[in-house]
Structures are given as C-alpha cells and as structure tokens.
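# okay, here's the prediction I keep looking at, along with the sequence it came from:
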Amino acid sequence: MNNKNGWKKGRRWLVAALLLAAAAALIYAVYRPRPLIVEVATVSTGAFEQTIEEDGRLRLKHRYVITAPTQAALLRPTLKVGDAVRAGDVVAELEPAAPQMIDARTRTVLQQRVGSFDAARRAAAAQVQQAQTALAQATLEAERAGRLAQDNFISASARDQAQLARQAAQQALEAARAEQGRADFALAEARAALARAEPAGNGQATGRWALKSPVDGQVLKLHQDSAVTVTAGQPLLDIGNTAVVEAVIDVLSGEVRQIQPGAAVQLSLGSGAPAIGGQVTRVEPVAFTKVSALGIEEQRVNVIVDLASASPDAQRLGDGFRVDARITVFKQPDALLVPTAALVRDGAQWRVFVVEAGRARGRAVQLNDRNADVAWLKEGLREGETVLLYPGSMIADGQPVRLRNGQKTPG
C-alpha cells in the first residue's frame, strides 16, 4: 500500500516538473530577445577629406562688349547668338544718323540766315575787287616813282612812300580775301544747318563705319537685334570664347577662411554628367548679401575656380551655366574611417555598436574629424571590424542582431 502511494506521489511530481518545463519553454519562446535586422559596414583605411559644397555658375574669362563709337544709325544685325566669328570679321555696321526734323519757324530763320551770309559774302567779294584795284594803282605809282627817282625828278623819300603805299594795298587785299573766305565758310555753315542728310547719287549712304571683332569667339548676346539709332558708348553685342571659362562659387563668409588658393575642386553640372576638375585661383576680399531659399540674408564671398584646360567636357560648357562645386579644404591620406551613420552621441562623446558573435556591443570612440559621409577615427576601433549603421533607440549593448536579407557579412 505504501509503495503504491509513493509511486503515485512520484508520478505527480514528474508531471508537475514537465508542466513547469513546458511553461518555462513557452515563456522563453515568447519573451526571449529577438534578433534585430540591421545594416552594417566595415571600418576601413582611406583618404579623409573635409569639403565645402556650394553651387555657382560659369562665366567667360574674357568677355568683349562691342559699343557704338558715336551716335549713329545701326544697320540690322545679320549675326545671331551662338554664331562663330573670327578676329577682324565685321560684326556691326553704322551709318551717320539723320539730323532732327526742322519745323517751319526754324526753317524760315535758317533761310534768312543763309540770305544774310550770302549778302555778306558778296560784300566781301566786292571788297576783294576794290582791294585788287587799289593794289594795281599803288603798283603803278610805285613803278613810276622808281623811274622818276632814278632820273632825279623826285626825292628818295617820295619813292619810298610810293613803295610803302603799294605794300599797304597788298596787305589790304589779303585782308579782304580772308574776309571773303570767312564769309564763304559762314554761308556754307548756314546752308548745312538748313540741309537734310541724303544718300549719295548711287543710293548708298556715305560715311559708313564697320565694327570688327577683336578676337575669335562666339556671339554671346545681342543688345540690339534690329535697325535703330544708338548713342555713343551704347552696347551693341557681346563676344567671347566659350572654351575658356571659369567658375564663380559663392561661399558663406564664415567658411571661406578655410579655402586657400590652389585648393582642389570638383565641378558637376548634374544629371549624371561626369565631374570636371579644377582649382581655386582667387578668393575675392569683398562679401555681398544674398537671400537664401528660406528668406535668410547671408553674407557670401565669391571664390574663383579655374577649370582643367585638358578636360574635353569643358568644351560643352557655356556662359552662365549652373554648377555644383565640391571644394577640398583638408585631406588626410591613410586615415581610419567609419561611416558617420554608425556614430551615436553619448553625452559629449561618441560611440558605435560593433557586431561580435551575432550581438551588438557598444564601444566608445574618439574622432579626429568628420564630414557628411565618414569620420576619421583617433582610437576605439580597428580596421576590418563590423559596425551597425543607423542604430536606433532599440539597440542596446548585447542586443542580438541579424543582417538584412541580401547583405553579406563585411570582410
């Protein structure tokens, strides 16, 4: 009887133990930590670069503006924007501008002025004839006085007076001729003020100016695309060589101190176009105000970049093209690099999660510097170690992790 009771009691304990084990297994299966699906990267050695990324535009190094040398009538241009020109080619033609229209009152005044000057000219011509007659008479008197003085019929002083009278008559004639010339010029001026500009007898305008291109290049801009009267110094067209361009990058004044002449630059026009190399040639010493897309006023400075002349892609660029610039201000070769996406702020320090045996292990790191892509490590990691990317708040030290489908373990 006792053996039977003992056997039943042992059986109950066995069943209870099995139930407890099953319950524990169930609880463990439900509440055990599940591996998180993560993305990882490998700590590597490479070149670390600190860059400034801004946009800018291209401009010609040498731009020539053809202007009108004087007020004139511009003939209709035959060139179009983009046309190629050679040095010495005629790019614009000018004709003398027609005078202003004359109203009836002004025309009457000018006609009366012509009549007045014509009368003055006739009076001057009469004075010339009178002076010529006086000279002829003085010449005869001087010759007669010379013969009489030679025969001692008159004194030497009388002969001298006759010769001086002839010289006076000669000078009076010259003065009368000068007065006649002045009257001729005044009459011509009055007639010119009254006359209107008319073409020559063959129908072609006279006095045409031909403006020529100073260099080989292309027409960049037509300031006037039709026949019009232009003033002295007015721009007519722009000419330049689009194969010789430079980039103007506007940078925040707080960042421009890091940029030195000679710094390497990568320029891209976007849309998958290959980058074009260049280098900084000049940092302008003057800042200007620019309003950002958010409506904030910023002080910016122009940085001038010279493009690599050997680049075949530079031949397809043009004046005013927009470019994205990546200016290298610092470069460190053989640096220990980790993606910035793996960094987690830990107070004033940084830490990362290293994957070890399927678990994430937090580790403090020290940085020399960082940019938008990678951080330059000072200590805390070794080359080849695997780190988690984009660790969230669910990652804790010792958390089981599993790589995302399709991603292989680095290294």
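All right, it came through fine. Numbering: from 1, shown residues only.

# now the host helix or strand of residue 157: buried residues?
Per DSSP states H and E: residue 157 is located in helix 156-194. Going by neighbour count (16 or more other C-beta atoms under 10 Å), the buried part of helix 156-194 is 159, 162-163, 165-166, 169, 172-173, 176-177, 179-180, 183, 186-187, 190. Just so you know, the C-beta spots here come from the backbone N, C-alpha and C atoms, and that holds for glycine as well.

# I'd like the next helix or strand past it.
According to DSSP H and E, the helix or strand after helix 156-194 is strand 209-212.

# that following strand pairs with which strands, parallel or anti?
strand 90-96 (antiparallel) (DSSP bridges).

# just want the angle from the following helix or strand past the strand it pairs with to helix 156-194.
Note on strand 90-96: by DSSP H and E, the next helix or strand toward the C-terminus is helix 104-150. Counting by axes from the mean of the first three to the mean of the last three C-alpha atoms, to 10 degrees, helix 104-150 lies at 160 degrees to helix 156-194.

# can you give the domain ranges for the chain?
44-59+242-403, 63-98+202-240, 104-194 (automatic domain parsing).

# okay, those domains in CSV with distance to residue 37 and mean pLDDT next?
Formatted as CSV, the domains of the chain follow (distance: least, C-beta to C-beta, whole Å; pLDDT from 0 to 100):
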stretch, distance to residue 37, mean pLDDT
domain 44-59+242-403, 6, 87
domain 63-98+202-240, 56, 87
domain 104-194, 95, 85
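
# compare the ones you listed and give me the one nearest residue 17.
For residue 17, the closest of the domains of the chain is domain 44-59+242-403, at 29.3 Å, according to C-beta to C-beta.

# how far does that closest one sit from its chain's centre?
26 Å (C-alpha atoms, centre = their mean, to the nearest Å).

# and that domain, end to end?
19 Å (C-alpha to C-alpha, to the nearest Å).

# picking up where we left off before, which stretch among the domains of the chain comes nearest residue 13?
Comparing the domains of the chain by C-beta to C-beta, domain 44-59+242-403 comes nearest, at 35.4 Å.

# ok so, going back, can you lay out the domains of the chain as TSV showing distance to residue 14?
Converted to TSV, the domains of the chain look like this (distance: least, C-beta to C-beta, whole Å):
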stretch	distance to residue 14
domain 44-59+242-403	34
domain 63-98+202-240	97
domain 104-194	135
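
# and those: which comes nearest residue 35?
Closest among those, using C-beta to C-beta: domain 44-59+242-403, at 4.0 Å.

# which strand or helix spans the residue nearest the centre of the chain?
In the chain, the residue lying closest to the centroid (C-alpha atoms, centre = their mean) is residue 59, at 3.7 Å. For residue 59, the enclosing helix or strand under DSSP H and E is strand 44-60.

# pull out the buried positions in that strand.
44, 48-49, 51-52, 54, 56, 58-60.

# then stretch 253-263?
So stretch 253-263, judged by 16+ other C-beta under 10 Å, has buried residues 256, 259, 263.

# what's the closest of the domains of the chain to residue 16?
domain 44-59+242-403 (32.2 Å).

# the particular helix or strand that has residue 337 in it vs strand 44-60, what angle?
Per DSSP H and E: residue 337 is located in strand 322-339. Computed with the same axes, to 10 degrees, the direction of strand 322-339 lies at 170 degrees from that of strand 44-60.

# name the strands paired with strand 322-339 and say parallel or antiparallel.
Strand pairing (DSSP bridges) places strand 322-339 next to strand 44-60 (antiparallel), strand 264-268 (antiparallel), strand 374-379 (antiparallel).

# could you export those strands as a markdown table, including distance to residue 241?
What follows is the strands paired with strand 322-339, written out as a markdown table (distance: least, C-beta to C-beta, whole Å):
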| stretch | distance to residue 241 |
| --- | --- |
| strand 44-60 | 7 |
| strand 264-268 | 19 |
| strand 374-379 | 40 |
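
# rewinding a little: distance to residue 144 and secondary structure added to the buried residues of stretch 253-263, as CSV?
CSV is the format used below for those (distance: C-beta to C-beta, whole Å; DSSP: H, G, I helix; E, B strand; the rest coil):
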residue, distance to residue 144, secondary structure
256, 100, helix
259, 101, coil
263, 102, coil
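
# can I get those in JSON lines including distance to residue 404?
Shown next, in JSON lines, are the buried residues of stretch 253-263 (distance: C-beta to C-beta, whole Å):
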{"residue": "256", "distance to residue 404": "42"}
{"residue": "259", "distance to residue 404": "40"}
{"residue": "263", "distance to residue 404": "39"}
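
# out of the residues you listed, who's nearest residue 402?
Of the buried residues of stretch 253-263, the one sitting nearest to residue 402 (C-beta to C-beta) turns out to be residue 263, at 44.3 Å.

# and that closest one, backbone torsions?
Main-chain torsions, residue 263, degrees, to the nearest 10: phi -60, psi 140.
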